[in-house]
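K.L.:
predicted model, plus sequence, below.
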Amino acid sequence: QVRLQESGPGLVKPSQMLSLTCTVSGGSITSTYSFWNWVRQAPGKGLEWMGAIYFNGSTYYSPPLERRISVSREMSKGQFSLRLTSVTPEDTAVYYCVGGSPEWGYDWGQGTQVTVSS
């Protein structure tokens, strides 16, 4: 069974870049048909899908974020990452990595709080 775990700073200053990493265990991020997502939930709001990277390296982004977001992977480390530039307090949220494959199953990370504040 695949397991996901987010890591990264919990506090980011406005206008700076938010960077998070998701470590995948129990499976491969290049497993056929696997896909790996970033999802967030701001205070008092619903879940928001942000972007994803597929097993073949293709990336997909939410249109409202596509000018600020980048999702990449480090295959040798079994990790995928989120970068979000020019953050504002509206980017304050719990960030989740979500993903898996038909072979290894699917999982959500436990989530990590990121606060944007000076």
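P.N.:
That came through, no problem. Keep in mind it's a predicted model, so treat the numbers as computed, not measured.
K.L.:
show me what counts as buried in stretch 75-82.
P.N.:
Buried positions in stretch 75-82, judged by neighbour count with 16 or more other C-beta atoms under 10 Å: 78, 79, 80, 81, 82. Where you see a C-beta, it was placed from the backbone N, CA and C, and this is true even at glycine.
K.L.:
residue 25 touches residue 77, doesn't it?
P.N.:
No - with contacts counted by C-beta atoms under 8 Å, residue 25 stays clear of residue 77, the gap being 11.1 Å.
K.L.:
the helix or strand residue 107 falls within pairs with which strands, parallel or anti?
P.N.:
Counting by DSSP states H and E, the element that carries residue 107 is strand 105-108. Partner strands for strand 105-108, per DSSP bridges, with pairing direction: strand 93-101 (antiparallel).
K.L.:
residues in contact with the strand it pairs with?
P.N.:
Contacts of strand 93-101 with the rest of the structure, by C-beta atoms under 8 Å, 6 or more residues apart in numbering, involve 2, 4-6, 8, 20, 22, 24, 27-28, 31-43, 45, 48, 52, 55, 80, 82, 106-109, 111-114.
K.L.:
of all residues in the chain, which one is nearest the centre?
P.N.:
residue 38 (3.0 Å; C-alpha atoms, centre = their mean).
K.L.:
ok, residue 88 - contacts?
P.N.:
Residue 88 touches 14, 15, 116, counting by C-beta under 8 Å, 6+ apart.
K.L.:
how about a cut-off of 10 Å?
P.N.:
14, 15, 68, 116 (C-beta atoms under 10 Å, 6 or more residues apart in numbering).
K.L.:
ok, now which ones touch the residue nearest to the third one when sequence neighbours are not counted?
P.N.:
In other words, residue 68. Closest residue to residue 68 apart from its sequence neighbours, by C-beta to C-beta, 6 or more residues apart in numbering: residue 85 at 4.8 Å. For residue 85, the contacting residues are 15, 16, 17, 18, 19, 65, 67, 68, 69, 70, by C-beta under 10 Å, 6+ apart.
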